[in-house]
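*Asks:* sequence plus predicted model, see below.
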Amino acid sequence: MRADEFTELVAAHQAELRAHCYRILGSVHDAEDALQEALVRAWKGVDRFEGRASVRSWLYAIATNSALDIARHRSRREFAVDMGAPAQLGAELDPTQTELPWLEPYPDQWLTPTGQPTPEARYEQRESIELAFVAAVQHLPPLQRAVLLLREVAGFSAAEIAGQLDTSAASVTSALQRARVTMAARGPASSQQSALRTLGDARTRELVRQYADAMENGDIQTLVGMLTEDVTWSMPPVPTWYLGLEPVREFLVRYPLTDRWRHRPTEANGQPALAGYVYDEDVGRFIPASIDVLTLSPEGGKIAAVTGFLTADLLGPEDGARWISGADLFARFGLPADPP
């Protein structure tokens, strides 16, 4: 097979394979590595592919095993709200922990609209990329992660999965049962896709606009009024997180609302998000500071959680040297390093 024929063969599946690797690994960087390794393995083994399985199933088998090779040798990706108790009212921010393997945001523009091949796929592509879902998946052992995602996101049968992972259908069924128990305990009670459908596109856009305006105008009253009573606010790689209106209010007044902000709407993990640019007095311009992913509540149309993924530009030179730059993070979302 010629290289151009191989490229055409895998092109239709590449986006969903990258998302699949991300779900297993919780990291865009690791998912890219896993996908590239999978494509190399596929190219080397293409002459042995005899059409006994579909191209999609064959590629998923290679990509899954490539991702599992990484997952078995690395710690699970961390979500701040799973790491310990929330900060008390008035608590200072803990030191940045850039050495921790934090969960990373995933750009919606990388998702494929396809990828729901059978009714056996219980989760939508966007639902299975939501922050709460991916964070819960990270608590599964690697094999259970793979089985759950192959069955309930990709929609493969137990027999197909057994072939992909070189194990028995009984082992697949057992791993799936255990994974479902963990997900029932740790997974979200309802999906963001359900909440977004309830709110509708117009209301969702209005919430995003109000959030941006309140942050840019330092309007704490409006901002707090947009939040649920049990709102959470987290900022990886800072391990500190806040729970409830008063702690969040005090944090906002003390930290982000003392700065000048500009925002641009985007989408991450199947959820509305905003790219935040903060004014840096030292350089005299706005710099890319964070991707704020919003989790919305369908009841009353309020924000139930803000997960602000901070950039190296905001952290400063010491911590930033070990963290993703604003230009690199924003580029994943098709956003410029400088606000328009």
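*Replies:* All right, it came through fine.
*Asks:* from here on, just use CA atoms for contacts and neighbour counts.
*Replies:* OK.
*Asks:* mind checking the SS state of the closest residue to residue 182 other than its chain neighbours?
*Replies:* Nearest residue to residue 182, sequence neighbours excluded (C-alpha to C-alpha, 6 or more residues apart in numbering): residue 140, at 7.3 Å. Following DSSP: H, G, I helix; E, B strand; the rest coil, the label given to residue 140 is coil.
*Asks:* ok, residue 140 touching residue 181?
*Replies:* No - Residue 140 is not in contact with residue 181 according to C-alpha atoms under 8 Å; the separation is 10.2 Å.
*Asks:* who has more neighbours out of the two?
*Replies:* Counting neighbours by other C-alpha atoms under 10 Å for residue 140 and for residue 181 shows that residue 140 has the greater number, 20 against 11.
*Asks:* measure that one to residue 185 for me?
*Replies:* 12 Å (C-alpha to C-alpha, to the nearest Å).
*Asks:* so, low pLDDT: which residues of the chain?
*Replies:* Regions of the chain meeting the criterion pLDDT under 70 cover residues 1, 50-53, 112-122, 320.
*Asks:* do a quick rundown of the strands in the stretch 151-300 of the chain.
*Replies:* Along the stretch 151-300 of the chain, the segments classed as strands by DSSP state E, counting those that start in this stretch run 227-235, 238-243, 261-268, 271-280, 285-297.
*Asks:* list the buried ones in stretch 159-178?
*Replies:* Within stretch 159-178, the residues that count as buried by 16 or more other C-alpha atoms under 10 Å are 160, 161, 162, 163, 164, 165, 169, 172, 173, 175, 176.
*Asks:* give the contact list for residue 192.
*Replies:* When the contact criterion is C-alpha atoms under 8 Å, 6 or more residues apart in numbering, the partners of residue 192 are 127, 130, 270, 271, 295, 296.
*Asks:* between those residues, which sits nearest residue 111?
*Replies:* Here the nearest of the contacts of residue 192 to residue 111, counting by C-alpha to C-alpha, is residue 270; it sits at 9.0 Å.
*Asks:* would you confirm that that closest one contacts residue 110?
*Replies:* No - contact status for residue 270 versus residue 110: not in contact, 10.6 Å apart, counting by C-alpha under 8 Å.
*Asks:* pick out whichever of the two has more residues nearby.
*Replies:* Taking residue 270 and residue 110 together and counting by other C-alpha under 10 Å, residue 270 has the greater number of neighbours (25 against 15).
*Asks:* tell me the contacts of that one?
*Replies:* When contacts are taken as C-alpha under 8 Å, 6+ apart, residue 270 is in contact with 108, 126, 127, 129, 130, 192, 193.
*Asks:* number of residues surrounding the closest residue to residue 323 other than its chain neighbours?
*Replies:* In space, not counting the residues next to it along the chain, residue 323 is nearest to residue 312; the distance is 5.3 Å by C-alpha to C-alpha, 6+ apart. Here the count is done by other C-alpha under 10 Å, and residue 312 has 24 residues near it.
*Asks:* contacts only, for residue 312.
*Replies:* Contacts here follow C-alpha under 8 Å, 6+ apart; on that basis residue 312 touches 289, 319, 320, 321, 322, 323, 324, 325, 326.
*Asks:* take the residues you listed and, keeping just the buried ones, write it as a PyMOL select command.
*Replies:* The buried residues among the contacts of residue 312 can be selected in PyMOL (16+ other C-alpha under 10 Å) with this line:
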select buried, resi 289+319+320+323+325+326
